[in-house]
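> Below are the sequence and a predicted model for it; my questions follow.
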Amino acid sequence: MLSRVAENLYWMARYVERAENTARLISVNSSLLLDLPRGIAPGWSPLISIMGLNSEFDSRVKEPGERQVVRFLVGDRGNSGSIISSLHHARENCRTVRDILPREIWENLNELYLYAQESVNVGLTKQGRFDYLQQIIRGSATFIGIIASVQSRDEAFDFLRIGRNLERADMTTRIIDVRSADLLPDDVADLRPFDTIQWVSVLNSLSGYQMYRRHMQMQVRRAAVLKFLLQDNRFPRAVRHCLDAVEACLVNLQNNEPVVKQLRLLVKKVERAKVGQLEQTALHDYIDELQLSITKVHAALAESYFPKPQLQRQSAG
């Protein structure tokens, strides 16, 4: 496979996953703000931090209000991490490799992008936001399902799956980092019910609440949620599961040693940490280490398989 093709497949999957996660975050945040008292609700600015877009947002937008943040994350073409921009980049990457993919993949992604573009003004309204975001999420899930159903298990499939799972692992760490920093201190007894609501929000951001209750078999608690989202190897959006999926694809590729080495170092950091015992500052430092390690895995992939030079992401975020 040509290195250019491998790169385009990888980024196509990452961009679709990024668009889906952005839609999830906005949708769940809207619901969270309805469940919490105004004085302790986290507001909208944490979503900018989760996406790693603080500098870009601050340089262009004066006020981090609901309308400004939603517009920036949904329909701002100048924001490389918005839903519209992510789907545009995914579509462009797909267009260049159409000849090696089943036609259904291109048709689905093109249809999703056109919907996102044509309905964006409705999606920016409070009345139309939920349906718009749910359609983005469903369209992304359909995209993944079509790949699983009709794409041959070849190198193309491996790079698509690597891109999706690496992006997913990165986003899960971001959600945990920023959302946990917003949560209430455990020593304030009268606010603990609201703390539980926010941890449920963390799980809902990743559609993980039901699976958490099934596998952990306990009420929602900080330590158990961290263990589930970081170390569970069965839940598809847990960091450990995503990394295992990446390694399962790498074993099918030639010259995989540098990437596998970086990946296994990252897996050790995930599986050996006593995440439930980490206080907030230590948790933040730990997640910073995970994100740096994810970047190293990407850099090793780029060095081994993508056109040179390619040691940076195609976009910020």
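Looks like it came in fine.

> so the residue most central in space within the chain, which of the three states?
Nearest to the mean C-alpha position of the chain, by C-alpha atoms, centre = their mean, lies Met171 at 3.3 Å. Under DSSP: H, G, I helix; E, B strand; the rest coil, Met171 falls in the helix class.

> Spatially nearest residue to it (excluding sequence neighbours)?
Nearest non-adjacent residue to Met171, counting by C-beta to C-beta, 6 or more residues apart in numbering: Asn21, 4.5 Å away. (Glycine included, C-beta is placed from N, CA and C.)

> what mean pLDDT would you report for the host helix or strand of the one you found?
Asn21 belongs to helix 3-35 when assigned by DSSP states H and E. The average pLDDT for helix 3-35 rounds to 91.

> same thing with stretch 133-145?
96.

> And for stretch 275-285?
Averaging pLDDT along stretch 275-285 yields 90.

> now stretch 213-228
On average, stretch 213-228 scores 92.

> Now find how far off-centre it is within its chain.
20 Å (C-alpha atoms, centre = their mean, to the nearest Å).

> go on, stretch 112-124?
The chain centroid and the centroid of stretch 112-124 are separated by 20 Å under C-alpha atoms, centre = their mean.

> buried stuff in it?
Applying a neighbour-count criterion of 16 or more other C-beta atoms under 10 Å, one finds Leu112, Tyr113, Tyr115, Ala116, Ser119, Val120, Gly123 buried in stretch 112-124.

> Find the residue closest to Ile175 in space, skipping its chain neighbours.
Going by C-beta to C-beta, 6+ apart, Ile175 has Ser205 as its nearest residue, at 5.2 Å.

> Would you mind listing the residues in contact with that neighbour?
Neighbouring residues of Ser205 by C-beta atoms under 8 Å, 6 or more residues apart in numbering: Arg24, Leu25, Val28, Ile175, Arg179.

> What does the pLDDT read for it?
86.

> And Arg272, by the same measure?
pLDDT, read off for Arg272, is 95.

> Tell me how many other residues crowd it.
When neighbours are counted by other C-beta atoms under 10 Å, Arg272 registers 9.

> distance of it from Ala169?
Computed as C-beta to C-beta, to the nearest Å, the Arg272 to Ala169 distance reads 17 Å.

> Next: Gly123.
Applying C-beta to C-beta to Gly123 and Ala169 gives a distance of 27 Å.

> same check, this time on Val61
Applying C-beta to C-beta, the value for Val61 to Ala169 is 29 Å.

> who has more neighbours, these two?
More neighbours surround Ala169 than the other of Val61 and Ala169, with 27 against 16 (other C-beta under 10 Å).

> Not counting its neighbours along the chain, what's nearest that one?
Cys242 (3.8 Å).

> which non-adjacent residue is nearest Arg24?
Ser205 (5.7 Å).

> That should have said Arg98, apologies.
Trp106 (5.1 Å).

> now stretch 279-289: how far from the chain's centre is it?
For stretch 279-289, the distance to the chain centre is 19 Å (C-alpha atoms, centre = their mean).

> which residues touch it?
Stretch 279-289 is contacted from outside by Thr173, Ile176, Asp177, Ser180, Ala181, Leu226, Lys269, Ala273, Val275, Leu278, using C-beta under 8 Å, 6+ apart.

> In PyMOL, how would I select the buried members of those residues?
Command for PyMOL, covering only those of the contacts of stretch 279-289 found buried under the criterion 16+ other C-beta under 10 Å:
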select buried, resi 173+176+177+180+226+269+273+275+278
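
> possible to save the contacts of stretch 279-289 as a markdown table with distance to Ile84 and secondary structure?
A markdown table is the format used below for those (distance: C-beta to C-beta, whole Å; DSSP: H, G, I helix; E, B strand; the rest coil):
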| residue | distance to Ile84 | secondary structure |
| --- | --- | --- |
| Thr173 | 24 | helix |
| Ile176 | 26 | helix |
| Asp177 | 25 | helix |
| Ser180 | 29 | helix |
| Ala181 | 28 | helix |
| Leu226 | 33 | helix |
| Lys269 | 34 | helix |
| Ala273 | 37 | coil |
| Val275 | 35 | helix |
| Leu278 | 36 | coil |
